[in-house]
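Engineer: Predicted model follows, preceded by the sequence.
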Amino acid sequence: MRRIWLAMFLAVPPLLLLAACGDDSSQPRRTTGTAPSGTTTTTAVNGMVAALQKLDAPPELASGLVLGKPDARVTLAVFEDFQCPHCLRFTALIEPALVDEYVKTGKVRLEFHNLAFLGPESVQAALAAWCAGEQNRFWPYQEKLFMVQAEAGQATSEKLDVGRFSDAKLQEYAIGIGLDQAAFDACYSSDAAAEAVRSGLRQAQTLGLRGTPSFVLDGQPLAASPASLAEWRKLLNEALAK
């Protein structure tokens, strides 16, 4: 898989590779300062895990990496890297409410796009997630990958390429959510999966996206991500009112 990562890395223009994992392109991927105490870390981990457990993606609304009714009035495309702490926070703290209030009600269609650039395990996770989508199990697999990160404290202590998304671990997660192992394994090493992940990088470049998570609302990239659930509601309600 590291050969695939290297090939993909070399194929992406340097401008994109300078992107950051943050709420917008002005934020650095890592911050410095006093490390959180053990109690603070445990509380943060438990809170993130509890929040992520609220995510409920109805299988009847799922189609590959898309969640929602085809005739939804608004489409929200989300570009994420599974190693990105801010992506974890969005998925745990914002996405459950958006799914409940907008996707399940038929107002918004949610599209996931892999923007895997933080390291080899980002690419491996993206390949695995796309393959889960080929069995129409992307959304539970997405939740599993972010749950692994939440339980490891990734939201407050970023660590990259530490084995959480190794080939063996990704296969273990796939089996755990009931994927057909033989089909998953064949897909994971396929040219089709690699091209799908490369396509996400190219699409992000075309749209001018420079960080994760990035959002595209009805074809228009958001210059900055809403900072709270209230701001997300305001944005989506305004889009629905047009």
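Structural biologist: That came through fine. Residues are numbered from 1 along each chain as shown.
Engineer: CA only for contacts and neighbour counts going forward, please
Structural biologist: Fine.
Engineer: so where do the helices sit in the chain?
Structural biologist: Using DSSP state H, the helices of the chain run over 2-11, 14-17, 38-52, 85-93, 95-98, 120-134, 138-151, 167-176, 181-188, 191-207, 229-241.
Engineer: and residue 155, what does it touch?
Structural biologist: Going by CA atoms under 8 Å, 6 or more residues apart in numbering, residue 155 touches 45, 48, 85-86, 88-89, 149.
Engineer: Looking at the residues you listed, which two lie furthest apart in space?
Structural biologist: Across the contacts of residue 155, no pair lies farther apart than 45 and 86, at 14.0 Å, counting by CA to CA.
Engineer: Residue 65: neighbour count?
Structural biologist: Residues lying near residue 65 (other CA atoms under 10 Å) number 21.
Engineer: Touching, it and residue 111? I think so.
Structural biologist: Yes - the criterion here is CA atoms under 8 Å, and residue 65 meets it with residue 111 at 6.1 Å.
Engineer: where's residue 121 relative to residue 78, distance?
Structural biologist: Noted for residue 121: a distance of 19 Å to residue 78, by CA to CA, to the nearest Å.
Engineer: Check residue 164 too.
Structural biologist: For residue 164, the distance to residue 78 - CA to CA - is 22 Å.
Engineer: Name the surrounding residues that touch stretch 121-140.
Structural biologist: Here stretch 121-140 makes contact (CA under 8 Å, 6+ apart) with 1, 5, 57, 62-65, 81-83, 114, 116-117, 141-142, 145, 160-161, 163-167, 170-171, 174, 177, 179, 184, 187-188, 193-194, 196-197.
Engineer: rewinding a little: let me have the contacts of residue 155 in TSV, extended by distance to residue 202 and neighbour count.
Structural biologist: TSV is the format used below for these (distance: CA to CA, whole Å; neighbours: other CA atoms under 10 Å):
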residue	distance to residue 202	neighbour count
45	34	20
48	31	24
85	22	27
86	21	24
88	23	26
89	25	21
149	26	24
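Engineer: quick one: which of these is nearest to residue 208?
Structural biologist: The shortest approach to residue 208 among the contacts of residue 155 belongs to residue 86, at 18.9 Å (CA to CA).
Engineer: low-scoring stretches of this structure, by residue?
Structural biologist: Applying pLDDT under 70 to the chain picks out residues 1-20, 22-40.
Engineer: repeat that for 90
Structural biologist: Confidence mapping of the chain against pLDDT under 90 gives the ranges 1-44, 210.
Engineer: what about residue 168, how many residues close to it?
Structural biologist: Residues lying near residue 168 (other CA under 10 Å) number 11.
Engineer: about what we covered before: which one's more surrounded, residue 121 and residue 78?
Structural biologist: Each of residue 121 and residue 78 has its neighbours counted (other CA under 10 Å); residue 121 has more, 26 against 19.
Engineer: Quick one, which of the helices of the chain gets closest to residue 72.
Structural biologist: helix 229-241 (9.7 Å).
Engineer: Return the distance of the closest one from the chain's centre.
Structural biologist: 21 Å (CA atoms, centre = their mean, to the nearest Å).
Engineer: which one of the helices of the chain has the most crowded surroundings?
Structural biologist: Of all these, helix 120-134 carries the top mean neighbour count, a mean of 26, counting by mean count of other CA atoms under 10 Å.
Engineer: ok, the residue most central in space within the chain to residue 241 distance?
Structural biologist: What sits nearest the mean C-alpha location of the chain, by CA atoms, centre = their mean, is residue 80, with 3.7 Å. According to CA to CA, residue 80 stands 27 Å off from residue 241.
Engineer: To residue 73, which of the helices of the chain lies closest?
Structural biologist: Per CA to CA, nearest to residue 73 of these: helix 229-241, 6.7 Å.
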